[in-house]
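Novice: sequence? don't have it. structure:
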């Protein structure tokens, strides 16, 4: 099976712009979670989608939003970018059922805000 | 609120040594615990997943244990190799279905040839 894919891999944006990141989970997986990783804060949970519904949300401002499509692919959007949004954004997929729920991560999207 | 810590923050060992990485969490009502490795600038690679009802898991040279009552997990790496150099992260997931993973800050491991 192909792994989790994320596009684009690298992105440079200017303050005030918005950005959309994409994540395609492992085939058959219905859960997608998003994380932000920065040197200062480490890995922090953004939100989780399961079967097109957001079922869990971290403590991030409303500028961060996401959605999941019927094929389980997910997008994350950040509006009005700030310098502090520069980070590695990782998505993870899982079966999402009540079983082991192991998470598999993609390679990440490196976002730089200037 | 769940908090996860990892000790040590960094570790440098000569090739061939056996080593132990530690992970502690404050809320013992976890669903499971997962160990990952991360190479610089890359995503996370899953190493081992331990369910709350399990005490340990093994994969090759890796062995992870879980003591839920004391809020601790250890990752044992046998016969370390330079290719094991990476940052190792542990993550715990809450006891309620759907809760997110909470990650520790990681242990940066360097295995010297």
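Specialist: Nice, I can see it. Predicted, not measured: the structure shown is a model, and the values here were computed from it.

Novice: Show me which residues of chain B sit near chain A.
Specialist: When proximity is defined as Cβ under 8 Å from any Cβ of the partner chain, chain B approaches chain A at B:31-32, B:34, B:36, B:41-46, B:49, B:51, B:89, B:91, B:93, B:97-106. All C-beta spots, glycine's among them, are computed from the backbone N, C-alpha and C.

Novice: mind running it again at 6 Å?
Specialist: B:43-44, B:49, B:98, B:100, B:103, B:105 (Cβ under 6 Å from any Cβ of the partner chain).

Novice: Are any of the residues you listed buried, and if so which?
Specialist: For the residues of chain B next to chain A, a burial check counting by 16 or more other Cβ atoms under 10 Å in any protein chain shown picks out B:43-44, B:49, B:100, B:103, B:105.

Novice: Just name the lowest-scoring one in the residues you listed, pLDDT-wise.
Specialist: Model confidence across those bottoms out at residue B:100, which has 76.

Novice: List the contacts of that residue.
Specialist: Counting by Cβ atoms under 6 Å, 6 or more residues apart in numbering or on different chains, residue B:100 touches A:45, A:48, A:56.

Novice: try residue A:19
Specialist: Residues in contact with residue A:19 (Cβ under 6 Å, 6+ apart) are A:13, A:78.

Novice: what bridges to it?
Specialist: residue A:78 (DSSP bridges).

Novice: Next, count neighbours for the closest residue in space to residue A:17 that isn't next to it in sequence.
Specialist: Distances taken as Cβ to Cβ, 6 or more residues apart in numbering or on different chains place residue A:81 nearest to residue A:17, at 5.3 Å, with adjacent residues excluded. When counting by other Cβ atoms under 10 Å in any protein chain shown, one arrives at 19 neighbours for residue A:81.

Novice: for residue A:81, helix, strand, or coil?
Specialist: Recorded secondary structure, residue A:81: coil (DSSP: H, G, I helix; E, B strand; the rest coil).
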